[in-house]
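Chemist: sharing a model prediction with you, sequence too.
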Amino acid sequence: MRNILLATAALTLFAVPAAAQSIQTPAWSGSVGYTHLDGDNADLGAITGRLDARLHPNFGLEGEASIGVRDDDITVAGVTGSIEQDYDAAGYAVGYLPINPNLELFGRIGYGTTRIKADIAGFEASEDGESVNYGVGANYFFDGVNGIRGDITRRDFTDDNGGKIDTYGVSYVRRF
């Protein structure tokens, strides 16, 4: 799965037509939606907001931030507790592949930070993790400005504990 995601992201980043189609000023869009985080030990949920700057018909930059809204129960050494995402933030380079005026595919690669909190038997702890993120998705616009977005992104954590989280998101998108 990792190789498929990387190959798709690379193809969309390098599928750039002639520079004559460049955008004079950045085209902006924003989105808000729900992101499901599928980790090794817990499934969490977050509300995610994004701001995109399209610098070229096939290339742009994206910033995203999320706040956790769904926690998961965990058991450690027979003691029950909960785990939740506190927040995350990331920046991405995005390659777009327009299919028609309403549909576009994209691949993205970036870097982010995530904070997870755990509460077990009244003891609370949190940990930050830095990650290299990569994924693919699609935008479908109903009209010229309103649409939906679906994406899958993997977060490969770079710290000593390592690990990975796969995220699945659905969002409302608005072009400005």
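Modeler: That came in fine, so what should we check first?

Chemist: didn't Thr48 look like it was pressed against Gly33?
Modeler: Yes. Thr48 is within contact range of Gly33, at 5.8 Å (criterion: Cβ atoms under 8 Å). Bear in mind the C-beta positions are built from the backbone N, C-alpha and C, glycine included.

Chemist: common neighbours of the two, please.
Modeler: Residues touching both Thr48 and Gly33 (Cβ atoms under 8 Å, 6 or more residues apart in numbering) are Gly169, Ser171.

Chemist: list the contacts of Pro26.
Modeler: When contacts are counted by Cβ under 8 Å, 6+ apart, Pro26 touches Ala53, Arg54, Leu55, Gly60.

Chemist: cutoff 7 Å now
Modeler: When contacts are counted by Cβ atoms under 7 Å, 6 or more residues apart in numbering, Pro26 touches Ala53, Arg54, Leu55.

Chemist: dihedrals phi and psi, it?
Modeler: phi -60, psi 140 (degrees, to the nearest 10).

Chemist: check the chain and tell me which residue is nearest its centre.
Modeler: Thr153 (5.3 Å; Cα atoms, centre = their mean).

Chemist: residue contacts, the residue lying farthest from the centre of the chain?
Modeler: Taking Cα atoms, centre = their mean, the residue of the chain most remote from its mean C-alpha position is Gly78, at 33.6 Å. The contact partners of Gly78, by Cβ under 7 Å, 6+ apart, come to none.

Chemist: check Glu62 too.
Modeler: Residues near Glu62 by Cβ under 7 Å, 6+ apart: Arg50, Asp52, Tyr92, Val94, Arg108.

Chemist: the lowest-mean-pLDDT helix or strand in the chain: what's the following helix or strand?
Modeler: Ranking every helix and strand in the chain by mean pLDDT, DSSP states H and E puts helix 2-14 at the bottom, with a mean of 48. Sequence order places strand 27-38 as the next helix or strand after helix 2-14, per DSSP states H and E.
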